[in-house]
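[1] I'd like to go over a predicted model; first the sequence, then the structure.
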Amino acid sequence: MLSVKIENILSKLGINPKNESVCTGKQWLTALGSETISIISPVDGKKIADVTLASTTEYEKVIQQSQLAFDNWKKVPAPKRGEVVRQIGNKLRENKEELGALVSYEMGKSLEEGLGEVQEMIDICDFACGLSRQLYGLTIASERKEHIMMEQWHPLGAVGIITAFNFPVAVWAWNAMIAAVCGDVCIWKPSEKTPLSAIAVQNIIRPVLINSNIPEGVFNIILGDFRIGEKMAKDTRIQLISATGSTKMGKRVSQLVASRLGKSILELGGNNALIITDDADLKNALKAAVFGSVGTAGQRCTSIRRLIIQNTIYDKFIAQLVKIYKQLNIGNPLNKQNHIGPLIDKIAVSNYQNAINEAENQGAKILYGNKVLKGKGYESGCYVLPTLIEAQNHLKIVQEETFAPITYIMKYNTLKEAIAMQNDVKQGLSSAIFTNNLKEAQYFLSHSGSDCGIANVNIGTSGAEIGGAFGGEKETGGGRESGSDSWKAYMRRQTNTVNYGNDIPLAQGIKFEI
Ligand code: UN1
């Protein structure tokens, strides 16, 4: 259990959301909006705070400030920008316990996962700091005599970061830390379900912004709902929108951004499968199947939604899985004894119930779960039993992403059949196989294997490290965030050709004499 009271954490993190709804970095602007929302913890059903949503006037102020900031920030040498990000990482280190606990209390994920999320932020700060000295271009051989060609990467402008409730702080950091070293300014719209964690982050980084002399307006935050998201998507002053959330939301954002020919990075729904072969280490496969399915109460975009199990081990595996499910502790996520916390809210609970009902109506068989927990410790009404359902892949409900701990289980004969099943969904985020057979593993990773943005061997589908590019194909949206060369999406590429000779030859051998 937490050793400090949540009230103390809120006060230490300086949370006063009634008065603050937008921040341009160093200072919160006085809240002008008239709409408020109450933030209720799914952990105990208690109100944590009321939050005032930003008004149009405040939105304008933030955008204008961000434009001024960009003019200065883009001129700061990238390694100096990296130094600011390094200091942000240190502040997060200092406040890891409190921020992790707040994330857990506001969102409902386990304390361990809340701390892990803050660790992801710290890691991406380290990564981005190093990257600030490695924003490299290419030189390319020119077909013309005494010419060189090269590519440069310049800062892009303003980046709108729309994040979801399930990773209330880490996904901002994946985007903002990279964008910042690239010379961009950031405008963050956190989920209206978890604004307090976002306010806390802003307060944690403020001393760095105040002391480091960076222009006001590099790291902005706007508290609002989908209307602010739509405004951002339409706003030509925001060059890139990076949005995380449902496929439905992503389609809307994508259309609005595309209609003004803006850029977007979309990280949307997944329908992730774990294939378990009879060559697998079954003990490890079980662990991965359970954590991937019930971690964060099934509310990760990378959560396991489908288990595709080889027929020879099918019955044995399921029996062991059900046995483990029966032993899982469900309850207050701040208590380390518990494996599973609540769903984010009651809407999520009814989505869970509806999905199970639909699965049954469509002919699937419930093996375990299907219960909303009541009684002491479950007063918020958001705790549910993780659920295992034997179902066929083509069922309508199996084809959809339900953000809850529901796992559909299916059987296969040949690996080709398993891969076909795994790919036969609209989404394409994460995937994994358990096998000790090199040929099977390699085939899964080949062009004829998984069609997802993430494909793993002998680990689950979730828990990606920040060093890799994160994102997926098909209806997952195609965006890549975080590590590898994802930074390129946050910069504009410029191709330069320089003639250092005395003639002016044309490309393609064209002659033009005057
Ligand atoms: C998400 O659920 O939107 O790979 C992100 C993972 C985490 C990130 C998930 N590192 O599960």
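    Arrived safely, thanks for sending.

[2] Quick check: next helix or strand after the helix or strand containing residue 388?
    Per DSSP states H and E: residue 388 is located in strand 387-390. Taking DSSP H and E as the definition, the helix or strand that follows strand 387-390 towards the C-terminus is helix 396-399.

[3] Summarise which helices and strands the strand holding residue 388 is packed against.
    Strand 387-390 makes packing contacts with helix 314-327, helix 346-361, strand 365-368, strand 406-412 when contacts are defined by 3 or more C-beta pairs under 8 Å, 6 or more residues apart in numbering; DSSP states H and E. Quick note: C-beta positions are derived from backbone N, CA and C, even for glycine.

[4] Report all helices and strands that the first one contacts.
    Packing partners of helix 314-327 (3+ C-beta pairs under 8 Å, 6+ apart): helix 282-294, strand 304-310, strand 365-368, strand 387-390, strand 406-412.

[5] Let's see that with 6 Å instead.
    With contacts taken as 3 or more C-beta pairs under 6 Å, 6 or more residues apart in numbering; DSSP states H and E, helix 314-327 sits against no other helix or strand.

[6] again with the shortest one
    With contacts taken as 3+ C-beta pairs under 6 Å, 6+ apart, strand 365-368 sits against strand 387-390.

[7] so how many other residues sit close to the residue in the stretch 1-150 of the chain that the ligand sits nearest to?
    Using C-beta to the nearest ligand atom, the point where the stretch 1-150 of the chain gets nearest to the ligand is residue 120, with a distance of 6.0 Å. Residues near residue 120, counting by other C-beta atoms under 10 Å, number 21.

[8] Give me the domain ranges for this structure.
    4-268+477-494, 272-465 (automatic domain parsing).

[9] From residue 84, how far out is residue 202?
    Here the distance between residue 202 and residue 84 works out to 15 Å (C-beta to C-beta, to the nearest Å).

[10] Pick out whichever of those two has more residues nearby.
    Neighbours around residue 202 and residue 84, counted as other C-beta under 10 Å, are more numerous at residue 84. The numbers are 27 against 24.

[11] Might one say that the more buried one is in contact with residue 213?
    No - shown here, residue 84 and residue 213 do not form a contact pair, counting by C-beta atoms under 6 Å, at 9.2 Å.

[12] follow-up on the earlier one: and the residue of the stretch 1-150 of the chain closest to the ligand, what element?
    With elements delineated by DSSP H and E, residue 120 resides in helix 111-131, which encompasses its position.

[13] do the same with residue 62
    Taking DSSP H and E as the criterion, residue 62 maps to helix 56-73.

[14] What helices and strands are in contact with that helix?
    Checked by 3+ C-beta pairs under 6 Å, 6+ apart, helix 56-73 has strand 185-189, strand 219-222 packed alongside it.

[15] Low-confidence regions, this protein specifically.
    For the chain, the stretches flagged by pLDDT under 70 are 1-4.

[16] Can you pull up the residues of it that come close to the ligand?
    166, 167, 171, 244, 300, 301, 302, 462, 463, 464 (C-beta under 6 Å from any ligand atom).

[17] Name all residues that make contact with residue 12.
    Residues touching residue 12, when contacts are defined by C-beta atoms under 6 Å, 6 or more residues apart in numbering, comprise residue 98.

[18] List the buried residues for stretch 317-337?
    317, 318, 320, 321, 325, 330, 331, 332, 333, 334 (16 or more other C-beta atoms under 10 Å).

[19] Return the distance of the second one relative to the ligand.
    It stands for residue 318. Separation of residue 318 from the ligand (C-beta to the nearest ligand atom, to the nearest Å) stands at 24 Å.

[20] ok, now the first one?
    According to C-beta to the nearest ligand atom, residue 317 stands 23 Å off from the ligand.

[21] got it, and the fifth one?
    In this structure, residue 325 and the ligand are 20 Å apart, going by C-beta to the nearest ligand atom.

[22] Show the contacting residues for the nearest residue to that residue once chain neighbours are set aside.
    Nearest-residue entry for residue 325: residue 368, 5.1 Å, with adjacent residues in sequence omitted and distances by C-beta to C-beta, 6 or more residues apart in numbering. For residue 368, the contact set (C-beta under 6 Å, 6+ apart) comprises 322, 325, 388.

[23] rewinding a little: residue 506 is nearest to which of the domains of the chain?
    domain 4-268+477-494 (7.9 Å; C-beta to C-beta).

[24] Give me the secondary structure label for residue 337.
    With DSSP: H, G, I helix; E, B strand; the rest coil as the basis, residue 337 sits in coil.

[25] Ignoring the adjacent residues along the chain, who's closest to it?
    That would be residue 329: by C-beta to C-beta, 6+ apart, it lies 5.6 Å from residue 337.

[26] Alright, that wraps it up for me.
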